[in-house]
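Enquirer: I would like the atomic coordinates for the input below:
(chains A, B and C)
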Amino acid sequence: MTAVQPQPPVQDGVEVGTTATTAVKGHSRVPWRFLTGRAAFYLFTLWAAITINFFLPRMMKGDAVDQYLSRNRNVSPEAADALRALLGLDTDKSLLQQYVDYWALLLRGDLGVSLLHGLRPVTEVISQALPWTVGLVGFATVVSFAIGTIGGAVVGWRRGSRLDGLIPVTTFLSTIPYFWLGLLAIALFSVNLGWFPIGKAYGVGMTPQWSAEFIGQVIHHGTLPAATIVIASLGGWMLGMRNMMLTVLDEDYVMVAQAKGMPNRRVLWRYAARNAVLPQIQSFALSIGFIVGGTIVMEMVFSYPGVGKLLLDATNAKDYALMQGVFLVITLSVLVANILADVAYAFLDPRTRQTEA
Amino acid sequence: MRDALLTVRDFSVTYDVDPPVEAVKDVTLELRRGEILGLAGESGCGKTTLAYGLQRLLKAPAVITGGSVVFHDRSGEDVDVARLDAEQMRRFRWDKISMVFQGAMNALNPVAPIGAQLEDVFEVHRPGMSRAERREAAAELLDIVKVGRQRLRSFPHELSGGMRQRVMIAMALALRPQLMVMDEPTTALDVLVQREILRQISQLRHEFGFTVVFITHDLPLLLEISDRIAIMRAGEIVELDTAERIWTNPQDEYTKTLLSSFPRLTGDRGVVVR
Amino acid sequence: MTVLEFDRVTKTYSVRGAGQIKALDDVTFTLRSGQTIGLVGQSGSGKSTIARILTQLETPTSGQVRLDGQPIPRHGAGLRAYRQQLRMVFQDPFASLNPYHSIRYHLERPLRLDAVVPKAGLDDEVRRLLERVRLEPDAVIDRRPHELSGGQRQRVAIARALASRPRLLVADEPVSMLDVSIRLGVLNLLADLGREEGLGVLYITHDLATARHFSDEIIVLNQGRIVESGPADDVILRPQDPYTRQLRAASPDPEKHFASASGAHGGAL
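Expert: Prediction:
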C-alpha cells in the first residue's frame, strides 16, 4: 500500500487512561483480514449470481425450443429434441446433473449457442456487441462523471453565486425520459439539421477495421448517443458532488486551510473536493457496473448494436443461453466495478484501511 | 509597558440573517506583544467570531460592519488588515497570525498525511524552499512538539487526540508567527493531556516568543494561564483586566456571575462569591 | 438503604491484535438512597462502561450488579420494573428530546406507560413534575424542545426521568453541553432531588470540582479499576492515590494558583 510502513509506537507518557480502542497498536499495514474477507464476499456473490442465473430460465414457462418451433414450423419433433439436448434443456437429466454440467461448461468458457443468432456460440455473439456498449456508454459515463464532479465541486465552492443556477438546469435535463431526449436529439440534429446520422454504430456497408475512415464513422455515429447519455446523467453527479461539497466546506479542516493562507484553488481541490469526492466514487463504481446492462433504451433509440439490444432481443425470443450469457457478463462487470471501488476507496481514504482491518 | 502587537478599534460583526444579529459590538482592545490574553465567555458570546474576524476568516452571513484591526509588525510596519487585498490577506494569514483550533478532532485533513499538511504551509508561504528543505522543516516541527518525525507519514486518525493537537500546534508554529490565536485548544482533551499541552505551549512561548489569544469558556483555566482576561458577553467586552484583578476584584456583574459558576476545587466547599 | 450495588464487576473486551482489554476490573461499590456518588475518571477509565452496564447495553463478564438487592433481570416484567427504577439523564438535552413533541407529551408518556397515576390525574402530575424541576408549568408545558433553552431542556429531561418514580438516577456528564453559567443550577437541582426524594444519584463526570461540590462520595476510576474512593472532601483535598493526585494537580485551581503565585500572574504559561 502507499505511504504506510510499520512505525515504532511513540512513547507518549501524557496519554494516561487511553481507551480500549486506542490500545490497538502496531497492526499490520497490509490488512490481510480485510482483504480475505472481501475476497470471500465477492466469491460468494459470484457463486450466488451464477446459480441464480442457472435457475432463472428453468423457472420460466416454455422454453427456447418451443419459441424456435413457433417461428420455424418445418422442424421435426426429433430435431426439436436434438436441439433441446444441444441447449442443455433435455429434461431426462436431474437438476443437479444439469447444474454440474452448467458449471463444467462455464469453466471452459462455453456459454452455449444462441438460437436467435443461427446457433453461433454465445461468447462470440456477446463479444461482438460488448465493445460497442462498453466503448460508447463507458466513455459517456466517465465524461459525465468527470464533468459533473468537477462542476459540482466548483458550484459547491461558490455557493450562493450565479453558478447555483446550473443545478436546477442539469437536474431538469436528467428528469426528461431518456427515450424522449434521444428522439428529440435525433429529430433536431439528424433529421432537421442533418449533422449526425440517425442511428447505428457505423455507416451501412462498412466493415469494422482500424482505419481512419472507420474510426471517424464510429465517432460521428457515437456523438449523439454519447451526448444524450451525458446530458441525462450529468445532473445526478453534479448535485451529489455539490451537496457533499456543502457538507465538507463546513468542516474544520477547510477553515484551517483558509487560515493557513492556502490559495483558494488549493483549498478547493486538495482539501474540500478531495474529501467530498469519496462518496461519489461509490456511485461511480455502481454506474460503471451497470454500463454493460443498463442502456437498453439508448440502444433501441439509436439502433446501436450493443449488449442491451442483444438482451432485449434474447428475452423476446426466449433465447436462454444468450440471456444467461448476458446476465453473466453484467454480473461480472458489477462485481469487478465493486472491487475497483473498494481498491479506489482504500487508496483514497486512509481511514477505511484501518477501521476495516 | 510592553508595546502593542494588535490594535482593535470599534470592531463589529453582524450576522446578516433575519433579524440581523450583532455578534460582535464595537470591540476595542490592544494586544500587547508577548502577553497571553484570555478571551472568556459562554457559547454565542461572540468570542470565536471576534477571533476569526481579526483575520477576515468569517463566512457569509457574517459581515464585518465596522472598526479597524491594525497589526504592528516586528519590522515596525503597521498593517491595516482591512486594507489588504485578497492576495495580501492570504499571505498575511499564518505568517503573522496562526491559529490552533478546538480539539483538532477535525482540524486536520483526514485524507492527507500530517507531514504533507505541514509541508503545505511552507510550499505556499515559502516558495523558495526545496522539497527536501520542506520535509526537513516539517520533521523538525514534529520533533519540537514531541510527536516525533517518524510520524510524518501518519494520518490524523492514527493519532490520539492529544497528538493531533500537538500536530496542530506544530503547524501553527511553522512560520514562527508573532501571534497565535487558540480557540478552545484543550476543551476536548482529558485534563492530564490538557495540562501537558498547556505546558508545551508555555515552553514554546519562551522559546519562540509569540503572543497568545486564548479563547475558552473555562474561566478557572484562563485565570491560571493568562496575563490579562477579557470577559465577553453578547458581543461586547464587559471587562478587561489582569487575571489577578479579575480574580480578586471583578467589577462587572457578569464577571462575578461567571466566577461563581465554578465550584472551588480546594478551599471551602462552594463557589467563590465576589 | 442500599439502592445499587456493584459486586466485583469485571468487563473484558477482546480486541483484535491486542488480546483482552479490561474495561472494568473488579469494581465494587454501593450507593444508598439519598446519596450522590461522583464517578470520576478520564476517557477510557471505565466510567462509561458502568453507565452502559446499567442501561444494559453491556453485560458484565463476571460479578454482579444489584438494584435493591436484586440482580438486573434479563427480560420480561422484571426488566420493565428495573427500567422504571433506574433512569438516565444524558449529556445532550437536545438529542434526548423529540423535536416534534410538546413537553407535555414527553412527560405524559412515561406516566402512561408505567401507569403511575390515573388518566384523569395526568395533567396535574405533569405540572407537579415541572414544578419539581423548578420550571413554571404554564410557561413550558405546551412548548416544544427547540423553544426552550439548553438548561430548560435538561430540566425537562430530569423531570421525565423522575416521572416513573425511580430509585436511582444516573447522570452522565449532564451539564457538559450546557453554558457554564447555568451548570450549577442544574447540578444543584439534581443534588436537591436526590436528598428530597431519597433517590440514589450516580453523577458521572470528568470534572473534579463539580464532583466534589455535588457528591457525598467520590470514586476515582483509572483504566477500569477503582483507585480511590471515599467522602468527597477526603478524596479531593487529601488524595492518597498518585493518580488522583495527578488529576487534582492538573485541574485548574485559581485559588491555589494566586495563593502561591502571589502577584506573579501568568506564571503557569
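
Enquirer: now the strands: where do they sit in the stretch 101-250 of chain A?
Expert: A:113-114, A:120-121 (DSSP state E, counting those that start in this stretch).

Enquirer: correction: the previous question concerned the stretch 151-269 of chain C.
Expert: C:168-172, C:200-205, C:217-222, C:225-231.

Enquirer: among the ones you listed, which is the most enclosed?
Expert: Highest mean neighbour count of the strands of the stretch 151-269 of chain C: strand C:200-205, a mean of 26 (counted as mean count of other Cβ atoms under 10 Å in any protein chain shown). (Each C-beta comes from the backbone N, C-alpha and C, glycine too.)

Enquirer: show me what it is packed up against.
Expert: With contacts taken as 3 or more Cβ pairs under 8 Å, 6 or more residues apart in numbering or on different chains; DSSP states H and E, strand C:200-205 sits against strand C:2-15, strand C:19-32, strand C:36-40, helix C:47-54, strand C:168-172, helix C:180-197, helix C:208-214.

Enquirer: how about it as CSV, C-alpha atoms only?
Expert: Below are the C-alpha coordinates for strand C:200-205, written out as CSV (Å, rounded to 0.1, in the frame of the first residue of the first chain):
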residue,chain,number,x,y,z
GLY,C,200,-29.7,7.5,44.7
VAL,C,201,-27.7,9.6,42.2
LEU,C,202,-24.7,8.5,40.2
TYR,C,203,-23.0,11.5,38.8
ILE,C,204,-20.6,10.5,36.1
THR,C,205,-18.1,13.3,35.2
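
Enquirer: which pLDDT value belongs to residue 11?
Expert: With no chain named, the answer covers chain A. pLDDT, A:Gln11: 38.

Enquirer: that answer is for a different chain, and I need it for chain C
Expert: pLDDT, read off for C:Lys11, is 93.

Enquirer: returning to that earlier point: rank the strands of the stretch 101-250 of chain A by mean pLDDT and give me the bottom one.
Expert: Minimum mean pLDDT among the strands of the stretch 101-250 of chain A: strand A:113-114, a mean of 78.

Enquirer: can you give me how far it is from the chain middle?
Expert: 25 Å (Cα atoms, centre = their mean, to the nearest Å).

Enquirer: just name the most buried of the helices and strands packed on strand C:200-205.
Expert: The most buried one of the helices and strands packed on strand C:200-205 (mean count of other Cβ under 10 Å) is strand C:36-40, showing a mean of 27.

Enquirer: and the residue nearest to C:Gln154 when sequence neighbours are not counted, its phi and psi?
Expert: The spatially closest residue to C:Gln154, leaving aside those adjacent along the chain, is C:Pro93, at 4.1 Å (Cβ to Cβ, 6 or more residues apart in numbering or on different chains). Main-chain dihedrals, C:Pro93, degrees, to the nearest 10: phi -70, psi -20.

Enquirer: so what's C:Pro93 up against?
Expert: Taking Cβ atoms under 8 Å, 6 or more residues apart in numbering or on different chains, we find C:Pro93 in contact with C:Pro145, C:Gly150, C:Arg153, C:Gln154, C:Val156, C:Ala157, C:Met177, C:Leu178.

Enquirer: please consider this matter closed, and thank you.
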